[in-house]
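S.K.: Here is my input; please provide its structure:
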Amino acid sequence: MAVALIIAAAVGFAAAVQAGFLRNTFLHLVSVRAGRSITVDGALRIELLSWTPRITAERVVIGNPHWMPPGRTAEIGSLALVFEMPRLHHRFGVDSLSLIAASLHLVRDAEGRANWQWDDSTVPSADRKLAIVRSLAVPRAHVTLDDERRHLKFDGIASAESPPAGAQVRIWGEGDLNGHPASFEIKSDSLASASHQRPYHFSYTERSSGSHLEGEGVLPRPFDFNAMESTFAAGGEDLQDLYYLVGLRMINTGAYRLTGKLERDGLHVNFSDLSVHSGQSDMRGSVGIDSTRPRPQLDVKLESHLLRIADIGLRAAGRAPPDSGPPLLLSKATLRPAGFRKDDAAIVLHIDQVELTRLKLQNVAAKGALDHGVLTVQSLSGHLLGGEAQGRGKLDVNQDPALADVDLKLTGLELAQMRHKEGNTTPGTPPPIEGTLRARIRVSGRGNSIHEVAATSNGSVTAVVPHGTVRDSLAELAGMDLRALGLLMSKDKHDTALRCAIAIFKDHDGTLTAQAFVADTEPVLLTGSGQIQLDTETLDLALRGEPKSLRLFHWRSPILIKGTLLHPSIDVQAHKLEIVDTGKAKDADCDALMASVDSEDARTPQKALFTTPPSTR
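M.R.: Reported below is the predicted structural model:
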């Protein structure tokens, strides 16, 4: 009897709604079930007493769910929804959905909550199987998207169609994506034959600003978008342009090719088999993202066979300003601090060879961590000119421009392995200078590129060559006397001892000023002075040689080192001629010079690198 009464009540309610009564009650029940307000300002027709219940409505407004700020998710001129009632061999479902003259306002915040989701993504919920829509028709809907999590902003037109005859689903559109024109297309399996019991396949293409992105994927549990697998490939003229498709800030490059695989399982996302090539440079590896924490945690593992600095930056992309001047040694490739503030990361990097214009670093390995906007390079090592480079550093991206602190040690560098200008050496000819160099660079600066940091840096640079050899003609050239001219004219290749050489530079606001500059050879004692402007990378140095023995016709002529770090030049400026120079210069006290370098290091000992103020943590 009770069952009969319940059935009778349900049928009576359905009949009343279908007759046009209880309109407001029905809309209230639907709003409660949907978890958001739903209003109908036009006609509303409801047919419930059928195996295919139908709802048609005009001027429908769907509000945001309670976990989002007040607002509208959708405004629909005309809506038609046909259900399929459960019966033998049939589950409850949606036979067809049609949205005419629709405007969709899609929003997702930085925590991943979106107004198009059925539930609050930050609150655990039971695994539910949503009803499958068997036929879909959405012609030319106006769509706006503001996705803080993926840094995407879209304003354009999108259409969707899935004919009931079993054809593929097609969703396509065009508009303004992150400030640039873009178009996209998605194709997927037929909805008519889709099932919760088997995977659902799809493919996609996107184009914007000369870059394109395409791929194929599968939903293992249709239509649960929290589980997804996809392969992808992208290409274009500049890797930075991918921002206009995926919302990720990257560096400028020349023409590139990127491939990889995406796997998503709830709040865990893994990018594997990543591979990108641009110019002669390559990079491969994986990136895992764990979003179960308040701050997403990234696990980044990258490796490369060759990384050329010339392959990155605005110049590589062909986008350097016309007045950018000649190429520089220090890269101007920029990062955007805001992109590093929301995530934490553990980073492991290995590069077989880094090509820095005229220098090459081998077996570069780095390990670092990003924590609340501070990137700490815990260890950095590599091989350079037969020696080793070791360093550490910090980069605080809570500030813009970023604050950088670098401590780099170079040991055992073989000067004989340095490249010299083509045409200045003959095959088989000994190098003009030999010896081992050790140096230390400790600077702090502000900037979003290596060049900007150097141009604003403060600190010190020291370099020492404990002993070695130098071509006799070069040593004598600093004295500019009769013997030097004779050695140069005869192209003499004999060497003389380099007893020691030291250089101590103070760095202030990007200007390196020589505090001490001495090179002691057997025939000549050389001293130097001057500056290096790191902003323009220009050289303004002078070397003066004092002979240690009798010289005839000695010009008091400093050697001027001009030009840039990348293209230095040498000039001789004659001032005064001495017919006879008795050669009063003495051997330098190399032990004392070495001690002065050590004391310079002691005055600025290896310190704890800068700490981030509490207000930025």
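
S.K.: In the stretch 401-550 of the chain, where is pLDDT below threshold?
M.R.: By pLDDT under 70, the weakly predicted segments of the stretch 401-550 of the chain are 419-430, 471-494, 548-550.

S.K.: for the stretch 151-300 of the chain, same thing?
M.R.: Residue ranges of the stretch 151-300 of the chain with pLDDT under 70: 164-166, 247.

S.K.: Identify each of the helices in it and give its residue range.
M.R.: 243-246 (DSSP state H, counting those that start in this stretch).

S.K.: And the chain, by the same measure?
M.R.: 2-18, 23-34, 243-246, 450-455, 472-477, 482-489, 590-603 (DSSP state H).

S.K.: Let me see the mean pLDDT of the longest one.
M.R.: Going back to what we said before, that points to helix 2-18. Computed over helix 2-18, the mean pLDDT rounds to 47.

S.K.: could we number from 829 for the rest of this?
M.R.: Noted, 829 is the first residue going forward, which turns the last one into helix 830-846.

S.K.: Nearest residue to residue 995 in space, please, no chain neighbours.
M.R.: The spatially closest residue to residue 995, leaving aside those adjacent along the chain, is residue 1018, at 6.2 Å (Cβ to Cβ, 6 or more residues apart in numbering). In this view, the C-beta of every residue, glycine as well, is placed from N, C-alpha and C.

S.K.: isn't that neighbour right up against residue 989?
M.R.: No - checked against Cβ atoms under 8 Å, the pair residue 1018 and residue 989 is beyond contact range at 11.8 Å.

S.K.: what is in contact with the two at once?
M.R.: residue 997 (Cβ atoms under 8 Å, 6 or more residues apart in numbering).

S.K.: Bridged to residue 1176, which residues?
M.R.: Under DSSP bridges, the beta-bridge partners of residue 1176 are residue 1129, residue 1195.

S.K.: what's it in contact with, if anything?
M.R.: 1128, 1129, 1130, 1194, 1195.

S.K.: Residue 1349 too?
M.R.: Residue 1349 touches 1298, 1303, 1324, 1325, 1326, 1327, counting by Cβ under 8 Å, 6+ apart.

S.K.: now, the most widely separated pair of those?
M.R.: Spatial extent of those (Cβ to Cβ) is set by the pair 1303 and 1327 at 11.0 Å.

S.K.: Who has more neighbours out of the two?
M.R.: More crowded of residue 1303 and residue 1327, by other Cβ atoms under 10 Å: residue 1303, with 28 against 18.

S.K.: hmm, back to that, which residues do residue 1303 and residue 1327 both contact?
M.R.: What both residue 1303 and residue 1327 touch, as defined by Cβ under 8 Å, 6+ apart, is the set 1349, 1350.

S.K.: returning to what we had before: which among the contacts of residue 1176 end up buried?
M.R.: Taking 16 or more other Cβ atoms under 10 Å as the criterion, what is buried in those is 1128, 1129, 1130, 1194, 1195.

S.K.: Distance to residue 1188 added to these, as TSV?
M.R.: Output for the buried ones among the contacts of residue 1176, formatted as TSV (distance: Cβ to Cβ, whole Å):
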residue	distance to residue 1188
1128	24
1129	24
1130	19
1194	17
1195	22
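
S.K.: OK, contacts around residue 1262?
M.R.: Neighbours of residue 1262 in contact, by Cβ under 8 Å, 6+ apart: 1242, 1243, 1244, 1296, 1297, 1298, 1323.

S.K.: Buried ones from these, can you make that a ChimeraX selection?
M.R.: Buried residues among the contacts of residue 1262 (16+ other Cβ under 10 Å), as a ChimeraX selection:
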select :1242,1243,1244,1296,1297,1298,1323
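
S.K.: Give me the mean pLDDT for stretch 869-876.
M.R.: 87.

S.K.: Now do the contacts for the spatially most central residue of the chain.
M.R.: The structure's the chain has its C-alpha centroid closest to residue 1078; by Cα atoms, centre = their mean the separation is 3.9 Å. Listed by Cβ under 8 Å, 6+ apart, the contact partners of residue 1078 are 1067, 1068, 1070, 1071.
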